[in-house]
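Asks: Just need the structure, nothing else, for what follows:
(one chain, ligands or ions: 1)
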Amino acid sequence: MLEKVAKFYWFSVIFPPKGSMSRPLNILFLSSEVEPFAKTGGLADVSSALPHAIKELGHEIRIMMPRYRFISERRFKLHDIIRLKDIPVPVGKNSEIANVKSSFISNLKEKVQVYFLDNATYFGRDGIYQSPIGKKDYKDNDARFIFFCRGVLETLKRLGWQPDIIHCNDWQTGIVPAYIKTIYSTDSFFKPIKTVFTIHNMAYQGSFPSESFEKTGLPKSLFQAEGVEAYGKFNFLKTALYFADSITTVSERYAAEISISDEFGAGLNGLLARRKKDLRGILNGIDYQVWNPATDEFIYRKYDAKSLDAKPDNKRALLSRFHLPFKETTPAAGAISRLVSQKGFDLVLEILEDLMKMNVQFILLGDGEKSIEKHFEALQKKYPQQIGVFFGFDKELAHLIEAGSDLFLMPSKYEPCGLNQMYSMRYGTIPVVRATGGLDDTVEDYSGNGRGTGFKFEKYDSREFLKAIQRALKVFHQPEEWKKLMRNGMARDFSWEHSAKLYVNLYRELLRQ
Ligand code: ADP
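Replies: Sure thing, here's the model as predicted:
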């Protein structure tokens, strides 16, 4: 039976029913982070690349995001939309004012319009979710994103542009589907709109004390297990999982993991299991216009699969930036990440001294928890010839690390999709990853005779991780075999086009219902 359903699904993807191709769709894409305006992680990359890919398929897609203070009006040519000025947005008993600004993001082929919801009280700050100094979440994140979700709908109505689909991403946009299904459902403007919610990470749920719920203006009756409540709290993510017409997540393996296990599903696996038929894994792609070693302006020397001899110059440049000695035959392992426990830094720390004994150099670019920073800092002082660390967010350095490293380490506890392992493969840098979520779906384990694109280990255990690195180093010291792996990864197609088509098919399925 399952096989039949799967066959039918793929058949309909490849040969969509007659007539369904005809009408371009209108899609509103909501995200709290969009490259190049605001970014803490992969969500920002996706929120820029996916809308472009959908637009390239011929659809009208526009983005809405908050206008944080650091998004420069001048640099990004933000302009006011006069008719979208002073929009009252109810938040609790008050009415807050939203002003809408607009700009575009362009790639070589398409231009996508971005609307910014501006409100100085909520978004006139230096951080996205937390203050950059002290790194504490803003206390009013509930009100900030209630304002955003409701403000989006109020803006849409005044804009007079009716999307077929509102595509929401992560908890910050999670109550939009609930608004559409309840207090806005009697409005003929909103009634036909279908909602898709994409989970980029189950661990971030937007869980707030029950009193926060009152600020939403949603019917009180929704505050229950069959609604917005989870474990006594008001939960944005749960609200989305309950009300969205369709739920997606960013890899097939993660879709399975979060609906069967309490650990991955972070307490919401029961609901996800119930909504199984509405849950789908669609793998993220990577933006080849941004991440391409043949055109990358941020790296020292450009290269492609036919000119791999240029790659070591990037390694030399990278190591010299960290004042580390360069030797082509000394393996350099890189890592770029938010410094949070999800990313498996405890495993890295447990084996780092072993790696030092194995003559490995290690370069880390990380931003996040101070406690993790401290451990790496101490080890860097102990091994100044072998370890380089930079704490903070540095886009250009991220590119150089991808180009200059031989190996890329990503031993995540869980990983919804992960972009860095795909960037690594694209740059001929071999990933060593834990076989979870998107890491498992995208990396093919080395199986001898030049087959594979990286090295995987199953159990979340530092010895297993070390064994995978040892397997990798063995191949690293056979340069011809290593080059085959590099080329295999570089030849993989992780472009967005395929995934964008899957999203459009999903939108069409919803609209046919
Ligand atoms: P996540 O979304 O969980 O953070 P991903 O691998 O999906 O992980 O995406 C991470 C994105 O953020 C990549 O584009 C990566 O290059 C970037 N990134 C993470 N940390 C940093 C940093 N400290 N400086 C620059 N870029 C970073």
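Asks: Could you use CA atoms for every contact and neighbour count after this?
Replies: Noted.
Asks: Please enumerate the helices of the stretch 351-500 of the chain.
Replies: In the stretch 351-500 of the chain, the segments counted as helices under DSSP state H, counting those that start in this stretch are 370-382, 395-404, 420-426, 437-442, 462-476, 479-491, 496-512.
Asks: now for those, which one comes closest to residue 22?
Replies: helix 496-512 (11.0 Å; C-alpha to C-alpha).
Asks: For the longest strand that the chain contains, name the packing helices and strands.
Replies: Identified as the longest strand of the chain according to DSSP state E is strand 94-106. Secondary structure elements in contact with strand 94-106, counted by 3 or more C-alpha pairs under 8 Å, 6 or more residues apart in numbering; DSSP states H and E, are strand 79-80, strand 87-91, strand 111-118, helix 141-159.
Asks: on that earlier part again, which one of the helices of the stretch 351-500 of the chain has the most crowded surroundings?
Replies: Mean neighbour count (mean count of other C-alpha atoms under 10 Å) peaks for helix 420-426 among the helices of the stretch 351-500 of the chain, with a mean of 26.
Asks: For it, list the C-alpha coordinates in CSV.
Replies: C-alpha atoms of helix 420-426 as CSV (Å, rounded to 0.1, in the frame of the first residue of the first chain):
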residue,chain,number,x,y,z
ASN,A,420,27.7,23.3,6.0
GLN,A,421,28.2,19.7,5.1
MET,A,422,26.8,20.4,1.7
TYR,A,423,28.9,23.6,1.3
SER,A,424,31.9,21.4,2.3
MET,A,425,31.2,18.8,-0.4
ARG,A,426,30.8,21.6,-2.9
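Asks: what does that helix rub up against?
Replies: Residues outside helix 420-426 that contact it (C-alpha atoms under 8 Å, 6 or more residues apart in numbering): 286, 291-293, 336, 402-403, 408, 410, 430-431, 433, 439, 442-443, 453, 486, 489-492, 494.
Asks: of these, list those near the ligand.
Replies: residue 336 (C-alpha under 6 Å from any ligand atom).
Asks: got JSON lines for the helices and strands packed on strand 94-106, with mean neighbour count, mean pLDDT and distance to residue 331 too?
Replies: Formatted as JSON lines, those follow (neighbours: other C-alpha atoms under 10 Å; pLDDT from 0 to 100; distance: least, C-alpha to C-alpha, whole Å):
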{"stretch": "strand 79-80", "mean neighbour count": "16", "mean pLDDT": "96", "distance to residue 331": "49"}
{"stretch": "strand 87-91", "mean neighbour count": "19", "mean pLDDT": "97", "distance to residue 331": "55"}
{"stretch": "strand 111-118", "mean neighbour count": "21", "mean pLDDT": "98", "distance to residue 331": "41"}
{"stretch": "helix 141-159", "mean neighbour count": "21", "mean pLDDT": "97", "distance to residue 331": "43"}
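Asks: would TSV of these with distance to the ligand be doable?
Replies: Output for these, formatted as TSV (distance: least, C-alpha to the nearest ligand atom, whole Å):
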stretch	distance to the ligand
strand 79-80	28
strand 87-91	29
strand 111-118	20
helix 141-159	19
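Asks: Can you lay out those as a markdown table showing distance to residue 26?
Replies: Listed next are the helices and strands packed on strand 94-106 as a markdown table, based on distance: least, C-alpha to C-alpha, whole Å:
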| stretch | distance to residue 26 |
| --- | --- |
| strand 79-80 | 23 |
| strand 87-91 | 23 |
| strand 111-118 | 12 |
| helix 141-159 | 12 |
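Asks: mind checking the SS state of residue 70?
Replies: State at residue 70, reduced to three classes by DSSP: H, G, I helix; E, B strand; the rest coil: coil.
Asks: Any idea which of the helices of the stretch 351-500 of the chain gets closest to residue 280?
Replies: helix 496-512 (9.3 Å).
Asks: Output the contacting helices and strands for that closest one.
Replies: Contact partners of helix 496-512 among helices and strands, from 3+ C-alpha pairs under 8 Å, 6+ apart: helix 42-56, strand 194-199.
Asks: just to revisit the earlier point, mind checking which of the helices and strands packed on strand 94-106 is nearest residue 390?
Replies: Judging those by C-alpha to C-alpha, what sits closest to residue 390 is helix 141-159, at 28.8 Å.
Asks: and the angle for the helix or strand following that closest one with strand 194-199?
Replies: Using DSSP states H and E, the helix or strand that follows helix 141-159 in sequence is strand 165-169. For strand 165-169 against strand 194-199, the angle by axes from the mean of the first three to the mean of the last three C-alpha atoms, to 10 degrees is 20 degrees.
Asks: Residues touching the helix or strand that strand 165-169 is followed by, excluding its own?
Replies: Downstream of strand 165-169, the first helix or strand assigned by DSSP H and E is helix 176-181. Helix 176-181 is contacted by residues 149-150, 153, 168, 185, 190-191, 193, 195, 218, 239-240, 243-245 when judged by C-alpha under 8 Å, 6+ apart.
Asks: 10 Å - rerun?
Replies: For helix 176-181, the external contacting residues (C-alpha atoms under 10 Å, 6 or more residues apart in numbering) are 30, 146, 148-153, 166-168, 184-187, 190-197, 216-219, 222, 227-228, 236, 239-245.
Asks: Among these, the buried ones, what's the ChimeraX command?
Replies: Selection command for ChimeraX covering only the buried members of the contacts of helix 176-181, criterion 16 or more other C-alpha atoms under 10 Å:
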select :30,146,148,149,150,151,152,153,166,167,168,184,190,193,194,195,196,197,216,218,222,227,228,236,239,240,241,242,243,244,245
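Asks: just to revisit the earlier point, note down every partner strand of the longest strand of the chain and its orientation.
Replies: Next to strand 94-106 in the sheet, as set by DSSP bridges, lie strand 79-80 (antiparallel), strand 87-91 (antiparallel), strand 111-118 (antiparallel).
Asks: how about JSON lines for the ones you listed, with distance to residue 68 added?
Replies: Compiled in JSON lines, the strands paired with strand 94-106 are given as follows (distance: least, C-alpha to C-alpha, whole Å):
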{"stretch": "strand 79-80", "distance to residue 68": "15"}
{"stretch": "strand 87-91", "distance to residue 68": "17"}
{"stretch": "strand 111-118", "distance to residue 68": "8"}
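Asks: Residue 97 is nearest to which of those strands?
Replies: Of all the strands paired with strand 94-106, strand 87-91 comes closest under C-alpha to C-alpha, at 4.8 Å.
Asks: what's the angle between that closest one and helix 141-159?
Replies: With the same axes, to 10 degrees defining the directions, strand 87-91 sits at 140 degrees from helix 141-159.
Asks: where are the low-confidence patches of the chain?
Replies: For the chain, applying pLDDT under 70 flags the ranges 1-21, 513.
Asks: what does this structure put close to the ligand?
Replies: 41-43, 336-338, 365-367, 392-395, 398, 418-420.
Asks: Just the buried ones from the residues you listed?
Replies: Buried by 16+ other C-alpha under 10 Å: 41-43, 336-338, 365-367, 393, 398, 418-420, out of the residues of the chain next to the ligand.
Asks: For the residues you listed, which two are the farthest from each other?
Replies: The most distant members of these, if one measures by C-alpha to C-alpha, are 43 and 365, lying 18.2 Å apart.
Asks: related to what we said a few turns ago, which of the residues in the longest strand of the chain are buried?
Replies: 96-103, 105.
Asks: Could you do stretch 245-264 as well?
Replies: Within stretch 245-264, the residues scored as buried using 16+ other C-alpha under 10 Å are 245-260, 264.
Asks: before we move on, the earlier item: of the buried residues of strand 94-106, which is the nearest to residue 281?
Replies: Relative to residue 281, the closest of the buried residues of strand 94-106 is residue 105; by C-alpha to C-alpha it sits at 26.5 Å.
Asks: tell me the contacts of that closest one?
Replies: The neighbours of residue 105, taking C-alpha under 10 Å, 6+ apart as the test, are 34-37, 48-49, 51-52, 63, 76, 111-114.
Asks: same question, residue 285
Replies: Counted by C-alpha under 10 Å, 6+ apart, residue 285 has contacts 45-46, 49-50, 53, 250, 417-419, 422-423, 493-500.
Asks: One more pass at 6 Å, please.
Replies: Going by C-alpha atoms under 6 Å, 6 or more residues apart in numbering, residue 285 touches 494-496.
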